[in-house]
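Undergrad: quick one: sequence and predicted model below, then my questions.
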Amino acid sequence: MIGLIFIYGVIIIMVTGVGIFYISKLQTKLYESISENSDDRANLLSEIIDNIKVIKINSYLESFTDRIGQIRKTEYRNAVYESLIEAPETFVSSVGYSTLVLGIFSV
């Protein structure tokens, strides 16, 4: 016969697993966006380095500075979102598993 604590533990593991699954999906999308923004910034900086003489001669410096600033703002925003997503994941996993352990060993 399966005990009540076992069923309680299985429910906690299932809820925790579902929560972590959805949070991980969000993280995957965010990491893709972060890597895309990093690639854009790297390509822009490479373009600037390759064409530094043309940029200085034709006074395009402000244009490129603005573009770099926009990309950096996007990267910063994604970093904030990343930390906001990681916090609930850590909470769900730590509370879920600690509750499971307490439920098992309370008998």
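TA: Now that the structure is in, tell me what you want to look at.

Undergrad: hey, let's count contacts and neighbours off CA atoms from now on
TA: Noted.

Undergrad: centroid residue for this protein?
TA: For the chain, the residue nearest the mean C-alpha position is Glu82 (3.2 Å; C-alpha atoms, centre = their mean).

Undergrad: contacts only, for that one.
TA: Glu82 is in contact with 27, 30, counting by C-alpha atoms under 8 Å, 6 or more residues apart in numbering.

Undergrad: in this structure, what helix or strand scores lowest on average pLDDT?
TA: One helix or strand of the chain scores below all others by mean pLDDT, DSSP states H and E: helix 52-57, with a mean of 73.

Undergrad: which SSE is immediately downstream of that helix?
TA: helix 61-105 (DSSP states H and E).

Undergrad: and that next one, average pLDDT?
TA: The pLDDT scores in helix 61-105 average 77.

Undergrad: also stretch 3-20?
TA: 78.

Undergrad: just the buried residues of that stretch, please?
TA: Neighbour counts over stretch 3-20 (16 or more other C-alpha atoms under 10 Å) mark 9, 12-13, 16, 19-20 as buried.

Undergrad: all good on my end, thank you.
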